[in-house]
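*Asks:* Fold the following for me, if possible:
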Amino acid sequence: MSLLVFSVPLLSAVVVMIAVFRSPLLALWRQLYSGTLRRSHRKVCVSSTHAHVFSNCTHGQAESVLLTFDLYSTTHASFNIGPLKGEFLDEIVKREAPRRVLELGTHCGYASVRILRLLPPSGKLLTVELDPLTADRGEEIILVSGFKHQQVLQDWNRRIFDQV
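*Replies:* From the prediction side, this is the model:
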């Protein structure tokens with residue numbers, strides 16, 4: 001009852017504020033709401049994708065890991081680049097033949113595996129991921145793919161991997 005007594009007079013003030021400040025309030029709400037969803041969905045996506053790939057691929061075979069990613073993304077929402085963009089990435093790596101590659105944002109490790117399998121034996125991938133959980137999951141996928149772990153710099157969440 002007391003809540004009703006306090007809320008009725010405030011209702012008119014809320015209606016006036018919404019009418020006057022509608023656009024900025026909607027923009028603020030969208031920003032807060034989408035940021036919350038993006039952060040929570042990303043962690044769930046990384047965890048479920050990692051679990052599926054880790055348990056269904058043939059360990060030590062990069063092609064099997066990529067195929068498992070691709071099959072998973074046909075039935076589940078996923079942020080990996082997929083086979084079409086992956087082939088484009090493959091073409092660029094083959095054409096440029098880099099010895100060192102910098103990847104900003106590891107996510108699940110899909111692009112990392114695609115790049116690493118095309119690098120020369122002395123090639124290196126430096127991948128930077130801000131979220132420690134995502135970095136660890138991506139690192140596990142890269143190691144499961146059969147690539148060697150040369151150096152881990154935990155302070156900056158950087159991982160440097162050698163081609164097999």
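*Asks:* mind checking which helix or strand of this structure has the lowest mean pLDDT?
*Replies:* strand 148-153 (a mean of 50; mean pLDDT, DSSP states H and E).
*Asks:* how about the helices of this protein, start to end?
*Replies:* Here the chain has its helices, by DSSP state H, at 2-20, 22-56, 62-75, 82-96, 110-116, 132-144.
*Asks:* Name the nearest residue to Asn80, ignoring sequence neighbours.
*Replies:* Tyr110 (3.9 Å; CB to CB, 6 or more residues apart in numbering). (Each C-beta comes from the backbone N, C-alpha and C, glycine too.)
*Asks:* do the same with Ala77
*Replies:* Cys45 (6.9 Å).
*Asks:* who touches the one you found in this structure?
*Replies:* Ala77, Ser78, Phe79, Cys108 (CB atoms under 8 Å, 6 or more residues apart in numbering).
*Asks:* any idea how far Glu63 is from it?
*Replies:* Noted for Cys45: a distance of 23 Å to Glu63, by CB to CB, to the nearest Å.
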